[in-house]
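Asker: sequence and computational prediction follow.
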Amino acid sequence: MAQSAKEFFESLETRVDPSRTAGMNATYLFDIEGAGRWTVKVDDGKVTATEGGESADCTITSSQETFQRIVDGDLNPTSAYMTGKLKIKGDMGAAMKLQKLF
């Protein structure tokens, strides 16, 4: 079922398996063109997502369509990055760990 970026981030905290994110400590800023910006903080496995934000360890930028395709499982995030549909600035190591959130 397709959901908006806003719905994705609003429900993220309840969907993440804490055992998969244990030991992770990073902040991510998702800048989804046409949808908004969200800050996702992972603090030793506890995930919080808030609307807005300016800075983070890692910034991920994509179009709403690309983000939706990644969330739906129709587009591999690595492929999206390699083809320029997903842009990452900052800590690439933190970015690689993001797959644990999805």
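Answerer: Cool, the structure landed. Numbers count the residues shown, from 1 in each chain.

Asker: so where does Tyr28 fall, helix or strand?
Answerer: In this structure, Tyr28 is located in strand 25-33 according to DSSP states H and E.

Asker: which residues touch that strand?
Answerer: With CB atoms under 8 Å, 6 or more residues apart in numbering as the test, strand 25-33 has contacts from 5, 9, 37-44, 53-64, 67, 91, 94-95, 97-98. (Glycine included, C-beta is placed from N, CA and C.)

Asker: ok, of the residues you listed, which come out buried?
Answerer: Listed as buried from the contacts of strand 25-33 are 5, 9, 37-42, 53, 56-62, 67, 91, 94-95, 97-98; burial here means 16 or more other CB atoms under 10 Å.

Asker: could you tell me which of those belong to strands?
Answerer: In strands, defined here by DSSP state E, the members of these are 37-42, 58-62.

Asker: and the pLDDT at the closest residue to Ile60 other than its chain neighbours?
Answerer: Of all residues not flanking Ile60 in the chain, Phe30 sits nearest, at 5.1 Å (CB to CB, 6 or more residues apart in numbering). Turning to Phe30, the model gives it a pLDDT of 97.

Asker: what about the protein, any weak spots by pLDDT?
Answerer: Low-confidence segments of the chain (pLDDT under 70): 1-2, 100-102.

Asker: grab the most central residue of it for me.
Answerer: Phe30 (5.8 Å; CA atoms, centre = their mean).

Asker: gap between the strand holding Tyr28 and the chain center?
Answerer: 6 Å (CA atoms, centre = their mean, to the nearest Å).

Asker: scan the chain for its longest helix.
Answerer: Looking across the chain with DSSP state H, the single longest helix is helix 5-15.

Asker: what's the neighbour count on the closest residue to Pro18 other than its chain neighbours?
Answerer: Distance criterion CB to CB, 6+ apart; nearest residue to Pro18, sequence neighbours excluded, is Gly45 at 4.5 Å. Close neighbours of Gly45, defined as other CB atoms under 10 Å, add up to 16.

Asker: shift numbering so it begins at 50
Answerer: Sure, I'll start counting at 50 from here, so that last one is Gly94.
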